[in-house]
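Undergrad: Show me the folded form of this:
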Amino acid sequence: MKNAIRLIAASAFMVCAGAAFSQNSQTAEPRNVMQLSASGTVEVQQDLLVLALSTSKEGADAASTQAQLKQALDAALAEAKRNAQPGQMDVRTGPFGLYPRYGKDGKINGWQGRAELVLEGRDFARITATAGKIQTMAISQVGFALSREARAKVEGEAQTLAIEQFKARAADLSRGFGFANYSLREVSVNSNEMSPGPRPRAMAMEAKSAAYSDAPVPVEAGKAQVVVNVSGSVQMR
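TA: Reported below is the predicted structural model:
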């Protein structure tokens with residue numbers, strides 16, 4: 001009987017000791033771990049023009065206001081589609097909405113609405129010339145961006161720069177802390193595009209004359225920066 005009691009007590013001690021050891025192993029934090037980040041930046045010419053045209057209408061009732069907007073948008077679409085070319089100038093409609101207009105007494109005394117048409121592509125001359133020919137809408141915004149092809153072309157270069165900088169910083173900092181080398185623990189990579197200056201630029205007041213001149217609207221693209229960030233942790237050793 002005494003031997004059985006001793007055996008049970010010994011087993012209980014081993015279980016407790018094993019649990020304590022497992023808990024200590026799980027809670028022990030890794031030592032000599034360093035968090036750091038680096039980035040790679042490549043500047044590239046913007047090759048995508050996004051030009052928005054819009055019109056606003058007012059009427060006594062919603063139906064007549066909507067009809068005016070639809071007529072202006074249909075005419076603009078017909079003109080734009082004549083010159084559309086995939087990748088060079090794509091055509092799409094933007095927001096189309098009607099809103100009640102209230103008088104001083106708080107009651108609806110009319111309706112107003114706005115419609116938008118967007119021309120987008122790499123052929124700046126085609127886009128601006130087409131916009132100049134559309135007489136039922138005025139240019140409201142002009143913006144620039146990078147096409148997928150242009151972005152993909154330089155994103156790999158920016159990524160290589162970011163990785164090399166990350167590795168160089170990890171090696172330098174490890175040596176600074178008295179370690180001969182390091183090993184990678186975890187890492188994340190993300191990219192974004194930065195466009196210097198205010199984009200898009202509002203052009204509603206300067207877009208067209210009252211005579212609706214068909215002269216191309218002058219535009220000039222700037223440069224964008226494709227930035228790739230690499231962040232993570234390393235084990236110094």
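Undergrad: what ranges do the strands span in the protein?
TA: 33-45, 48-59, 90-102, 108-121, 138-145, 182-194, 201-202, 223-236 (DSSP state E).
Undergrad: Let me have the ones you listed in TSV, adding distance to residue 174, mean pLDDT and mean neighbour count as columns.
TA: C-beta coordinates here come from the backbone N, C-alpha and C atoms, glycine included. Shown next, in TSV, are those (distance: least, C-beta to C-beta, whole Å; pLDDT from 0 to 100; neighbours: other C-beta atoms under 10 Å):
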stretch	distance to residue 174	mean pLDDT	mean neighbour count
strand 33-45	7	93	15
strand 48-59	42	95	20
strand 90-102	50	95	13
strand 108-121	48	95	19
strand 138-145	40	93	20
strand 182-194	4	88	13
strand 201-202	47	41	12
strand 223-236	5	93	19
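Undergrad: Save those strands as CSV, and put in distance to residue 71 too.
TA: Shown next, in CSV, are those (distance: least, C-beta to C-beta, whole Å):
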stretch, distance to residue 71
strand 33-45, 39
strand 48-59, 9
strand 90-102, 13
strand 108-121, 10
strand 138-145, 16
strand 182-194, 38
strand 201-202, 25
strand 223-236, 38
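Undergrad: relative orientation of the longest helix anywhere in the chain and strand 182-194 in degrees?
TA: The longest helix of the chain (DSSP state H) is helix 148-176. When axes from the mean of the first three to the mean of the last three C-alpha atoms, to 10 degrees is applied, the directions of helix 148-176 and strand 182-194 differ by 140 degrees.
Undergrad: Name the residues of helix 148-176 that are buried.
TA: 150-151, 154-155, 158-159, 161-163, 165-166, 169-170, 174 (16 or more other C-beta atoms under 10 Å).
Undergrad: returning to that earlier point: so for residue 67, which of the strands of the chain sits nearest?
TA: strand 48-59 (8.2 Å; C-beta to C-beta).
Undergrad: Please report the distance of residue 220 from residue 145.
TA: 14 Å (C-beta to C-beta, to the nearest Å).
Undergrad: Between the buried residues of helix 148-176, which sits nearest residue 39?
TA: When the buried residues of helix 148-176 are compared against residue 39 (criterion: C-beta to C-beta), the nearest one is residue 162, at 5.3 Å.
Undergrad: same question for the longest helix of the chain, mean pLDDT?
TA: Helix 148-176 carries an average pLDDT of 93.
Undergrad: now swap in stretch 66-85 and tell me
TA: 96.
Undergrad: Could you pull up phi and psi at the nearest residue to residue 53 once chain neighbours are set aside?
TA: What sits nearest to residue 53 in space, not counting adjacent residues and going by C-beta to C-beta, 6 or more residues apart in numbering, is residue 137, at 3.9 Å. With angles defined as degrees, to the nearest 10, residue 137 sits at phi -140, psi 150.
Undergrad: One more: residue 86?
TA: The phi/psi pair for residue 86 (degrees, to the nearest 10) is phi -50, psi 130.
Undergrad: How much space separates it from residue 152?
TA: In terms of C-beta to C-beta, residue 86 sits 18 Å off from residue 152.
Undergrad: so what does the longest helix of the chain touch, helix or strand wise?
TA: strand 33-45, strand 182-194, strand 223-236 (3 or more C-beta pairs under 8 Å, 6 or more residues apart in numbering; DSSP states H and E).
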